[in-house]
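J.: Structure here, sequence nowhere to be found:
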């Protein structure tokens, strides 16, 4: 019993890009080109058996996931990674075209015995990989079927039920048309020129008089326009401005403090605040390098500050 745990390559490797691949990896009853036979009870399998091409270990194109020993031989089933790698798609193309249709096994041999005719009878081995190849060592090791994942995932178009929109009755259409006519007539109706609500967009006497006053001045407007504007002869009022004009004036009036941007703002809780202030400073005189220095001092006083507001407002008559 020799060659234990030695990887033996029984054929070349091949590449394919497809879905499911089934085939006979080792037929029974006929030796391979080296004169070797494998007993049906000799097969063991690694935890994962990769599908490679021509026994090139760096070219893994799929995985074998089902094994069965039958009267025909070792039947296997696997899946190509056609959705992920280009070599798998190329391998499937070659399988479908028939340019590559063989299978070959790679294994670790544990026990074997010699054949009288030459070669060996393998009695205990572990399958480590099964390759796709063009010329397998065993002439009858062939793929049986290649199924594409892409072909198996086709979906028929769903026939959607066509539903028509509900149809309105002639009476409903007539009522809707009459309602739309009323709304259109109301929208086209001119605004009322009423004196009860002197709005800016209404063509009333107050608005006409105010526009004439702005254009020509009080000296050049008619007596009727003066009457429409005059409220009193007081210098504080005298003329009536429309409510919209007065509102615009009020919007433009903003609180403004001309001193705040230059002053320092201090919050106090007492009615006044006291600050120390320097009244006079030191007086320096020119002296020699070794001459006497004249003494001088500074005088201080306290200043009381009482807060007051600087404010005004403007009355606008409406």
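T.: Received the coordinates, thanks. This is a predicted model, so every value here is computed, not measured.
J.: In which helix or strand does residue 182 reside?
T.: Using DSSP states H and E, residue 182 sits in helix 170-187.
J.: Quick check: next helix or strand after that helix?
T.: In N-to-C order, the element after helix 170-187 by DSSP H and E is helix 205-216.
J.: I'd like to know the average pLDDT value across that next one.
T.: Average pLDDT, helix 205-216: 78.
J.: What are the buried residues along that helix?
T.: Buried positions in helix 205-216, judged by neighbour count with 16 or more other C-beta atoms under 10 Å: 206-207, 209-210, 212-213. Quick note: C-beta positions are derived from backbone N, CA and C, even for glycine.
J.: Mind putting the residues you listed into TSV with distance to residue 174?
T.: Converted to TSV, the buried residues of helix 205-216 look like this (distance: C-beta to C-beta, whole Å):
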residue	distance to residue 174
206	46
207	43
209	49
210	49
212	51
213	54
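J.: can I see the domain layout of this structure?
T.: Domain segmentation of the chain under automatic domain parsing yields 6-149, 205-252.
J.: what does the average pLDDT come to for the first one?
T.: Think domain 6-149. Computed over domain 6-149, the average pLDDT equals 76.
J.: ok, now stretch 187-202?
T.: In the prediction, stretch 187-202 has an average pLDDT of 56.
J.: for residue 26, helix, strand, or coil?
T.: strand (DSSP: H, G, I helix; E, B strand; the rest coil).
J.: Let me see the contact set for the closest residue to it other than its chain neighbours.
T.: Computed as C-beta to C-beta, 6 or more residues apart in numbering, the closest residue to residue 26 that is not its neighbour in sequence is residue 74, at 4.4 Å. Taking C-beta atoms under 8 Å, 6 or more residues apart in numbering, we find residue 74 in contact with 24-26, 38, 43, 67-68, 105.
J.: same deal with residue 259?
T.: Taking C-beta under 8 Å, 6+ apart, we find residue 259 in contact with residue 310.
J.: What distance do you get for it to residue 304?
T.: Separation of residue 259 from residue 304 (C-beta to C-beta, to the nearest Å) stands at 19 Å.
J.: Could you do residue 116 as well?
T.: Distance from residue 116 to residue 304, by C-beta to C-beta: 133 Å.
J.: Residue 188 now?
T.: Here the criterion is C-beta to C-beta. By it, residue 188 lies 73 Å from residue 304.
J.: just checking, residue 208 touches residue 225?
T.: Yes: at 7.0 Å, residue 208 counts as touching residue 225 under the criterion of C-beta atoms under 8 Å.
J.: before we move on, the earlier item: and the contacts of residue 74 as CSV, adding distance to residue 126?
T.: As requested, the contacts of residue 74 are exported to CSV (distance: C-beta to C-beta, whole Å):
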residue, distance to residue 126
24, 19
25, 14
26, 14
38, 12
43, 8
67, 12
68, 17
105, 10
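J.: if we take the residues you listed, which one ends up nearest to residue 79?
T.: Proximity of the contacts of residue 74 to residue 79 was ranked by C-beta to C-beta; the top entry is residue 67 with 13.7 Å.
J.: Wait, a helix at the closest one?
T.: No: counting by three-state DSSP, residue 67 falls outside a helix, being strand.
J.: Beta-bridge partners for it, please?
T.: On the basis of DSSP bridges, residue 67 is bridged to residue 76.
J.: which one of residue 116 and residue 304 has more residues nearby?
T.: For residue 116 and residue 304, the more surrounded residue by other C-beta atoms under 10 Å is residue 304, and the numbers stand at 9 against 5.
J.: All the strands of this structure, residue numbers only.
T.: Taking DSSP state E as the criterion, the chain carries its strands at 6-9, 20-27, 37-38, 43-45, 49-53, 56-69, 73-80, 102-114, 120-133, 143-147, 273-280, 299-305.
J.: which stretch among those strands comes nearest residue 263?
T.: strand 299-305 (11.3 Å).
J.: For the closest one, which outside residues touch it?
T.: Here strand 299-305 has contacts from 272-280, using C-beta under 8 Å, 6+ apart.
J.: So which of those is the closest to residue 109?
T.: Once C-beta to C-beta is applied, the member of the contacts of strand 299-305 that ends up nearest residue 109 is residue 273, at 106.4 Å.
J.: could you measure the spatially closest residue to residue 287 that is not a sequence neighbour against residue 286, distance?
T.: Nearest in space to residue 287, with sequence neighbours left out and distances taken as C-beta to C-beta, 6+ apart, is residue 293 at 6.0 Å. Residue 293 sits 11 Å away from residue 286 when distances are taken as C-beta to C-beta.
J.: do the same with residue 79
T.: Counting by C-beta to C-beta - residue 79 and residue 286 are separated by 107 Å.
J.: out of those two, which sits in the busier spot?
T.: Neighbours were counted for residue 79 and for residue 286 using other C-beta under 10 Å; residue 79 has more, 19 against 5.
J.: hang on, that one packs against residue 20?
T.: Yes: assessed by C-beta under 8 Å, residue 79 is found in contact with residue 20 at 5.6 Å.
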